[in-house]
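Student: Turn this into a structure:
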Amino acid sequence: TKETRNSITKNAKRIVLASFYSATFAQRIWANQTKLINRLSEGLERSILQGENPGAWARNFRDLLTKEMADTGKENALYAANRIAVTETARVQSETAQESFRKGGFEKMIWITEMDERTCGVCGPMDGEIFDVDGAQIGGELPPMHPFCRCSVAAYYERDSEALE
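Tutor: Next comes the predicted model:
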């Protein structure tokens, strides 16, 4: 519905502009770089609202980064654009999921690690861990733990073992 879409957009913007490790979204990227911040914010909204792959809009974001990082080369700009796009999208998705769990009445969530040859030593042991929804923080009980983190969380409900009998 239109009301749901407006609510999601409002929450996504609130989360994007929230403080993270004592710095706001804008401060973490570049101070006073309105054009870059707007482009990144638009990309994050497309990822969250339309399911667009962060890599798709990161290529457009790269062009702006190339201008800002002219002396470091296009490869560095593309890498930085991809890192920011993927990691910020993961952060917004985690915080949106956490808010959804709260609204759905869930008190717990389960950590899901993408287990393969690329799984890092930080995220591997987190797979299947159960955390409280309230008080969970990015980089602690909520992914991403690091740039390019592929982990996620899901609502968790502990069934009463007696009810299963």
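Student: ok, which stretches of the protein are strands?
Tutor: Remark: strands assigned in the chain by DSSP state E are 19-20, 23-24, 108-112, 130-132, 152-156.
Student: which strands and helices sit next to the third one?
Tutor: With contacts taken as 3 or more Cβ pairs under 8 Å, 6 or more residues apart in numbering; DSSP states H and E, strand 108-112 sits against helix 74-103, strand 130-132, strand 152-156. Any C-beta I mention is one placed from the backbone N, CA and C, and that applies to glycine too.
Student: Can I get these in a markdown table including mean neighbour count and distance to residue 111?
Tutor: What follows is these, written out as a markdown table (neighbours: other Cβ atoms under 10 Å; distance: least, Cβ to Cβ, whole Å):
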| stretch | mean neighbour count | distance to residue 111 |
| --- | --- | --- |
| helix 74-103 | 19 | 10 |
| strand 130-132 | 13 | 7 |
| strand 152-156 | 17 | 6 |
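Student: Report how many residues lie close to the closest residue to residue 84 other than its chain neighbours.
Tutor: Distances taken as Cβ to Cβ, 6 or more residues apart in numbering place residue 40 nearest to residue 84, at 6.6 Å, with adjacent residues excluded. Using other Cβ atoms under 10 Å, residue 40 has 26 neighbouring residues.
Student: Also residue 116?
Tutor: 7.
Student: Next: residue 120.
Tutor: Residue 120: 15 neighbours (other Cβ under 10 Å).
Student: next one: residue 3
Tutor: Neighbour count of residue 3, defined by other Cβ under 10 Å: 7.
Student: ok, so what distance separates it from residue 9?
Tutor: 11 Å (Cβ to Cβ, to the nearest Å).
Student: State the distance from residue 121 to residue 150.
Tutor: Using Cβ to Cβ, residue 121 is found at 14 Å from residue 150.
Student: Neighbour count: these two, which is higher?
Tutor: residue 150 (18 against 6).
Student: and that one, what does it touch?
Tutor: 90, 113-114, 118, 123 (Cβ atoms under 8 Å, 6 or more residues apart in numbering).
Student: Just flag the most distant two among the residues you listed.
Tutor: Using Cβ to Cβ, those span at most 14.9 Å, a distance reached by 90 and 118.
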